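**Q** Sequence and predicted model, in that order:
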Amino acid sequence: MTPLHRLAIQFLRFAMVGGIATAIHFLILITLVRGADMNAVWASALGFTFSAICNYYLNYRFTFRSNTAHRHAVMKFVAVACVGLALNSLTMLIATEYLGTHYLLAQVIATGLVLLWSFSGNRWWTFNRP
């Protein structure tokens, strides 16, 4: 199997895991915005945080099939996730508050940006095998 083929398979697994995490994220976002009348930026940040827990476990086991000790991998994952959370929140803030974009469209855009960052950071740093 070529390195490019392995990368493609890993990205597809990452996207599948991301689909599950994204569903959790959007469920929390929509519930908090519509049900609790929470600001979309804050609701998105909470959804992102809870979905990251699922995301870590599934990426550790399924996507990257890591054998790195959790105490090392989780700290790196949290660092990558914190940058992702900042990117997500900033995108949501700019799109919803300054550009007047509907919060769900803003979240789709933010999710796409965070996908690129997270895959890169987790593949080449968090779960990288020397």
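**A** Looks like it came in fine. No experiment lies behind these values; they were computed from the predicted model shown. Numbers count the residues shown, from 1 in each chain.

**Q** My read is that N88 contacts G112, right?
**A** No. Using C-beta atoms under 8 Å as the test, N88 is too far from G112 to be in contact (10.5 Å). No exception for glycine: its C-beta is placed from N, CA and C like everyone else's.

**Q** Of the two, give the one with the bigger neighbour count.
**A** N88 (27 against 10; other C-beta atoms under 10 Å).

**Q** okay, now A21: neighbour count?
**A** For A21, the count of nearby residues is 23 (other C-beta under 10 Å).

**Q** contacting residues for it?
**A** 51-52, 54-55, 58 (C-beta atoms under 8 Å, 6 or more residues apart in numbering).

**Q** Show me the helices in this protein, by range?
**A** Along the chain, counting by DSSP state H, helices occupy 3-30, 40-58, 70-92, 103-121.

**Q** and stretch 116-127, which residues are buried?
**A** Buried residues in stretch 116-127, counted by 16 or more other C-beta atoms under 10 Å: 117-119, 121-123, 126-127.
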